[in-house]
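Enquirer: below are the sequence and a predicted model; questions follow.
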Amino acid sequence: KDSGVAGEGPQPRKLQSASVIGAGIMGSGIAAANLKRGLSVKLNDANPEALQLGSTAVLDEVSYDKETRSKSAERAIQFAGRLHTTTNSDELLDTDIIIEAVVENLELKRKIFANLEEKLPETTLLASNTSTLPITKLAENLKHPERFVGIHFFNPVRMMKLVEVIRGEKTSDETAATAVAYAKGLGKFPIVVNDGPGFLVNRLLFPYMNEATQLLQDGVDMKRIDKVARKFGMPMGPIALYDMVGIDTSFYAGRTMYDAFPERTLVSPILPALIKRDMLGKKKGVGFFNYQNKKGKPEV
Ligand code: 3HC
């Protein structure tokens, strides 16, 4: 679908402040992207430890100067004034947009939106960064589904230009137009896509990632799989990509795809086995590969 919601259609609203719920890899990346483009940001996580880790990640990222390719505390301090961290979601109610980026769990996400809606002004944009869960389904119990939209960023947020803007059945034109303008303002390349499990990118990506685990099961060496994918032109191989996205996140998103398309989705016991051992990928220092070396690159 063409993203041409500008022009004659409803005018997008300008957003000046954003809240992000969930301070994991995606939440902290989204928070940093907003800070870099001048918005004030509230980062929220119910877990204080996760919030602390997330805010450190945000400040670490904004402290990086692309020109000099170095980080500085002064730079981090400049941005820190616009970053507010909180474990209390009531403190998010006065921002122009709230983006949810918690774990891929339909009930948890719905609960978060229901709690917010009790007190949230009707005009505040509500968005989900869900990887795979249909926006219409997430919006089912909302009082104001017209202001709800999917805004799906990719990992690493600082590098990935693409953003999927997903309209639920009841998302208004104004909300979609505002989401598109907002993503453009962050320096991203938004595309408006149809709603449905995995939207566009993960419909394509998950079969590819799944097939890589099937190759592993067939006994093919994981370094070899990644090497071949890179030679084919992928920026990184599928096994390293699992580690970067997170084994847990990949598993939960994969489950949605399985539920939607069981007849053509491959299921591998490898991801649950890694999760059981807390080998969740790069964020834990180990997943398929080991990242406990100094550079944080896979030991291959
Ligand atoms: N903050 C900001 N910038 C930084 C930084 C920091 N802390 N550290 C480094 N940088 C800059 C570097 O200066 C460099 O800039 P330059 O290109 O202008 O010189 C740039 O960031 C790149 O740094 P890297 O060396 O880390 O980048 P690589 O060239 O190794 O590329 C990659 C890494 C972008 C991850 C690339 O391998 C890639 O594109 N991989 C595929 C990613 C992908 O497919 N993502 C989608 C995942 S699926 C998903 O997210 C969906 C979900 O729903 C599951």
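Expert: Yes, it's here. Residues are numbered from 1 along each chain as shown.

Enquirer: can you give me the neighbour number for whichever residue of the stretch 51-200 of the chain sits closest to the ligand?
Expert: Here the stretch 51-200 of the chain gets closest to the ligand at one residue, Ser131, 2.9 Å apart by C-beta to the nearest ligand atom. Quick note: C-beta positions are derived from backbone N, CA and C, even for glycine. Ser131: 29 surrounding residues under other C-beta atoms under 10 Å.

Enquirer: three-state assignment of it?
Expert: coil (DSSP: H, G, I helix; E, B strand; the rest coil).

Enquirer: so who does the residue lying closest to it once chain neighbours are set aside touch?
Expert: Spatial nearest neighbour of Ser131, chain neighbours left out: Ala253 (4.3 Å); criterion: C-beta to C-beta, 6 or more residues apart in numbering. Residues counted as contacts of Ala253 (C-beta atoms under 8 Å, 6 or more residues apart in numbering) are 104, 131-132, 198, 202, 206.

Enquirer: for the longest helix along the chain, buried residues please.
Expert: Identified as the longest helix of the chain according to DSSP state H is helix 201-217. For helix 201-217, the buried set under the neighbour-count rule, 16 or more other C-beta atoms under 10 Å, comprises 201-203, 205-206, 209-210, 212-213, 215-216.

Enquirer: again, but for stretch 73-82
Expert: Buried, per 16+ other C-beta under 10 Å, within stretch 73-82: 75-76, 79-80.

Enquirer: widest-spaced pair of those?
Expert: Arg75 and Ala80 (9.7 Å; C-beta to C-beta).

Enquirer: okay, angle between the one helix or strand the residue nearest to Ser131 maps to and helix 201-217 too, please.
Expert: Per DSSP states H and E, Ala253 falls inside helix 247-260. Put simply, helix 247-260 runs at 110 degrees to helix 201-217, going by axes from the mean of the first three to the mean of the last three C-alpha atoms, to 10 degrees.

Enquirer: distance from the chain centre to helix 247-260, please.
Expert: Centroid separation for helix 247-260 versus its chain: 14 Å, with C-alpha atoms, centre = their mean, to the nearest Å.

Enquirer: tell me if that helix is near the ligand.
Expert: Yes - contact of helix 247-260 with the ligand (C-beta under 6 Å from any ligand atom) involves Ala253.

Enquirer: any idea how many residues pack against Asn105?
Expert: For Asn105, the count of nearby residues is 15 (other C-beta under 10 Å).

Enquirer: any idea how far it is from Gly219?
Expert: Distance, Asn105 to Gly219, using C-beta to C-beta, to the nearest Å: 34 Å.

Enquirer: likewise Pro48?
Expert: According to C-beta to C-beta, Pro48 stands 44 Å off from Gly219.

Enquirer: of those two, which one has the most company?
Expert: Pro48 (11 against 6).

Enquirer: spit out the contact partners of that one.
Expert: Shown in contact with Pro48 (C-beta under 8 Å, 6+ apart): Thr87.
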